[in-house]
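In: My questions concern the predicted model and sequence given below.
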Amino acid sequence: SHDPQARRSQTPAQELENQSLIAVAKMEKRFEQAKKTPKKESSKETDHVPFAPSSAFWVITILAAIITGIGSYALIKVLYNLDTGYQLLGPLERRLNLYSEQAFYYSFYEDLTNATHYPEAVLQLLNDSRSEYPSHINALERFNIYPEVLIAGLHRVLGERAPADPLDLMYTVIMGLFGIQWAGFYVCSAYAGQSVLSGALAVVFATVYYGSCTRLNMHLTLRENFAAPMLWWQVFTLVYLLRQQHVTRLTQGAFVFFTSLFMLSWQFAQFILLLQMASVFFTYLFGAIDRERTLIIFRLATLTTSLVIAATMGNTMLITSLYLFVCIGIILALSLDPTPRGSIGRLTQGLTAIAFMIVCKFISGFLVEDDAHIFRILLSKWFNYEDFVTFLYLCGPTYRAMQLADIGYLGNAYLLQTAFVALAMAAFGLCFSFLRRVPIDPSIPFLFLQTLLFAALGVTIHRLAIIAIPQVILFASLLAGPLLYPGWGHQHKEKRREKSTQENREDNESTPWQVSLGLFIAVALIAALVHTERAVILMDDLQKAEPHPQVNQDLGRLMTFLQHNTQPDTVIAADSVVTSAVKLITRRPITLHPHTESQDMRQRHHEFFQIYNQVSELEVYNMLVKSGAQYVVVTDGPCRLRCEEGQTMAYIANSTDTRGIPGRGRAELPQFCSTVRTAHLTHFRRVYTSGPFVVLRLRKSS
């Protein structure tokens, strides 16, 4: 009874009986509610308390990110000008400094900015006949040139306010993207480490190792310069997705947006994202996120890939990519087995997804082999495999493994040592969480495996170190926040606060981790800035150095000759370094280019490089006639080239192509390229000789 008088008149036994009945009724009500509520997976992530930053955290983080972005923009402009003398060069000289693929991709930008009607110029990209003569290709499908298309559109929008030289606008936008990249890197590090000090430590390390974190200081229009700024914002949104209890549409939209821009800008983005999704699935296998959260992330990844495939009008590398097959496979595996039994059940789901991926990739390999060279390059690194394409990539340092000296360089300012400590603490926390069933922040297993995978990729392929080293820096910066320290993280503080509330006492516990963090930050800053001279040397360079313009004058004279002595529709064959400059400066049709992400283009490279093989003049002539070329530029450099292992270009050209067809070299013949300056030529007419270049005109066959 709720009547106070009646309650006072009850005996103790009656009151005890009433309380028992009330307790039983409450238990029955809870039981009924439990039956109606869908059962959740029994895993330790259900006890996870998400990190909810305060308003002060976001204000400080945003202000620090803005300062970081502006400072990075100013720094890279100075460094790029010092390294290239950009501001001292004329329009032609600036374009001559765009090497190989940089010039090739940039040529599409100038086609759009120079066109009378921008929409018509964009439509012409769908039927491009100058990049792979005599083929007509869809440039938007074949190449990652959306950055050029968008910046050219910006140039048109600016109109008379646009710089007189279109390259100046490209230069400004790329420098701005560099600032956006490091602003995002600060935000990502601060949020991941649950402390603005983590962001500060990450920026300190990135500044000290700036030369290893970007290629922008020398190479302006590389694809990764457009993609990397999007990656760290994408990682931030992904960590946010992993942590938050309720996924908003805004967060999902941000993830799709940044992932789409990352994929549209770089043909190798899919391989970075493949490792990232492997890290997400590891987080699920570990039990740090549930099935529903995992499905959300992989569905968003699949949606993003579908949007990018649509935007690129059916890019075959993406349609047949391992990344897409993995995403679809995991969605199917999780949907077919919605209630896995513990870790074994989840592992079975993973094996099912891998089996699906292998079957799909095996079947698609019979139809399309656009990305086959990537796997052959990895195969050549791990096993005794070689062919023309692997030689072509691995002869130079870009795609080789990092040298021990490069790895040791990362320890000079204690980055490696700091990262090893962070990885060891994370590994200990993961083992403790797994064995004791203690809840853990899902960002820890995700970033832990992503760091290991990215680092392995960067060590294997040096060019990708600009992705691997910032990831190592990001993980090392976690030591400046409470995330990795047992009992000091946000979740443990929340649980202590809840416990003290239940026991009706105030939480007067001190926070000794603040002192520890302060000491650590002091030590880290001293280690990074004082115990190395690199920062001092950098400042000295900025104050004392003068710009040193470096221009390939021989290439400039060659371009001038071709511009004045050939017709606009003259087809020119050369190695991809020269053809990229030809397409940009003379706008003549070319037969091959440096974007070798297609089977046909790799075969064209193998055919053309017979010029550097021990073959007859007639064989070279027949090959060039077949390609539709009217002029051929022979360069001395490749003719005399030797790889680190000692292979000559004749040996490389004589190796098998991707179809298993060997070159045509014969030991009794000299290299054709070595005879073009002095020998009497029957099928060619020598029309230009200067520096390392010889230009031959094909005689008409009788």
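Out: Sure thing, it's come through. Numbering: from 1, shown residues only.

In: How about the contacts made by the closest residue to residue 561 other than its chain neighbours?
Out: For residue 561, ignoring the flanking residues on the chain, the nearest one in space by CB to CB, 6 or more residues apart in numbering is residue 688 at 5.2 Å. Glycine gets a C-beta too; all of them are placed from N, C-alpha and C. Neighbouring residues of residue 688 by CB atoms under 8 Å, 6 or more residues apart in numbering: 558, 561, 565, 694-695.

In: can you do 7 Å?
Out: 561, 694-695 (CB atoms under 7 Å, 6 or more residues apart in numbering).

In: End to end on stretch 629-646, go ahead and measure it.
Out: Stretch 629-646 has its terminal residues 32 Å apart, counting by CA to CA, to the nearest Å.

In: pLDDT averaged over that stretch - what is it?
Out: Stretch 629-646 carries an average pLDDT of 89.

In: Of the contacts of residue 688, which is the nearest to residue 681?
Out: Of all the contacts of residue 688, residue 681 sits closest to residue 694, with 10.4 Å by CB to CB.

In: Just to be sure, the closest one is in a strand?
Out: Yes - assessed by DSSP: H, G, I helix; E, B strand; the rest coil, residue 694 belongs to a strand.

In: how many neighbours does it have?
Out: Residue 694 has 21 neighbouring residues, counting by other CB atoms under 10 Å.

In: Tell me the pLDDT of it.
Out: Residue 694 is given a pLDDT of 95.

In: cool, and residue 12?
Out: At residue 12, pLDDT is 57.

In: With the one 4 residues further on instead?
Out: We have a pLDDT of 56 for residue 16.

In: And residue 564, by the same measure?
Out: So residue 564 comes in at 95 (pLDDT).

In: isn't there a helix covering it?
Out: Yes - per three-state DSSP, residue 564 lies within a helix segment.

In: With just CA atoms, put stretch 70-89 into CSV.
Out: This file holds the C-alpha atoms of stretch 70-89, laid out as CSV (Å, rounded to 0.1, in the frame of the first residue of the first chain):
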residue,chain,number,x,y,z
ILE,A,70,49.2,27.6,-41.9
GLY,A,71,52.7,26.9,-40.7
SER,A,72,53.0,23.8,-42.9
TYR,A,73,51.8,25.8,-45.9
ALA,A,74,54.3,28.5,-45.3
LEU,A,75,57.2,26.0,-44.7
ILE,A,76,56.6,23.9,-47.8
LYS,A,77,56.4,26.9,-50.0
VAL,A,78,59.8,28.1,-48.8
LEU,A,79,61.4,24.6,-49.1
TYR,A,80,60.0,23.9,-52.5
ASN,A,81,61.3,27.3,-53.8
LEU,A,82,64.7,26.6,-52.3
ASP,A,83,64.9,23.1,-53.8
THR,A,84,63.6,24.0,-57.3
GLY,A,85,64.0,27.8,-57.6
TYR,A,86,60.3,27.8,-58.8
GLN,A,87,59.9,31.6,-58.4
LEU,A,88,62.9,32.3,-60.5
LEU,A,89,61.9,30.1,-63.5
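
In: next one: it to chain centre, how far?
Out: Remark: stretch 70-89 is offset 23 Å from the chain centroid, using CA atoms, centre = their mean, to the nearest Å.

In: and residue 414, how far is that from residue 455?
Out: Residue 414 sits 16 Å away from residue 455, taking CB to CB, to the nearest Å as the criterion.

In: same check, this time on residue 213
Out: Separation of residue 213 from residue 455 (CB to CB) stands at 14 Å.

In: Can you report phi and psi for the residue nearest to residue 561?
Out: phi -160, psi 130 (degrees, to the nearest 10).

In: what is it paired to in the beta sheet?
Out: With DSSP bridges as the criterion, residue 688 is bridged to residue 695.

In: so who does residue 459 touch?
Out: By CB under 7 Å, 6+ apart, the residues touching residue 459 are 401-402.

In: That one is in what secondary structure piece?
Out: Per DSSP states H and E, residue 459 falls inside helix 443-460.

In: Counting neighbours, which bits of that helix end up buried?
Out: 443-455, 457-460 (16 or more other CB atoms under 10 Å).

In: Averaged pLDDT, that helix. What do you get?
Out: 94.

In: Quick check: next helix or strand after it?
Out: helix 465-476.

In: Tell me which other helices or strands that following helix touches.
Out: helix 166-193, helix 196-208, helix 210-213, helix 223-243, helix 415-436, helix 443-460 (3 or more CB pairs under 7 Å, 6 or more residues apart in numbering; DSSP states H and E).

In: how far is the fourth one from where the chain is centred?
Out: Spelled out, it's helix 223-243. With CA atoms, centre = their mean as the basis, helix 223-243 stands 9 Å off its chain's centre.

In: contacts for it?
Out: Under the contact criterion CB under 7 Å, 6+ apart, helix 223-243 has outside partners 50-51, 144, 147, 174, 177-178, 180-181, 184-185, 187-188, 191-192, 215-216, 247, 251, 254-255, 258-259, 261-262, 265-267, 269, 283, 289, 297, 441-443, 446, 466-467.

In: who's in contact with the helix or strand following that helix?
Out: Moving toward the C-terminus from helix 223-243, the next helix or strand (DSSP H and E) is helix 249-265. By CB under 7 Å, 6+ apart, the residues outside helix 249-265 that reach it are 144, 146-147, 223, 226-227, 230-231, 233-234, 237-238, 240-241, 269-270, 300, 303-304, 307-308, 311.

In: the strands in this protein, which residues?
Out: 572-573, 631-635, 684-690, 693-698 (DSSP state E).

In: out of the ones you listed, nearest to residue 152?
Out: strand 572-573 (24.5 Å).

In: Which other helices and strands does the closest one contact?
Out: strand 631-635.

In: Dump the strand it packs on to CSV, restricted to CA.
Out: Extracted in CSV, the C-alpha atoms of strand 631-635 (Å, rounded to 0.1, in the frame of the first residue of the first chain):
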residue,chain,number,x,y,z
TYR,A,631,59.5,10.0,-85.0
VAL,A,632,61.4,8.2,-82.3
VAL,A,633,63.6,9.8,-79.6
VAL,A,634,66.5,7.6,-78.4
THR,A,635,68.0,8.6,-75.1
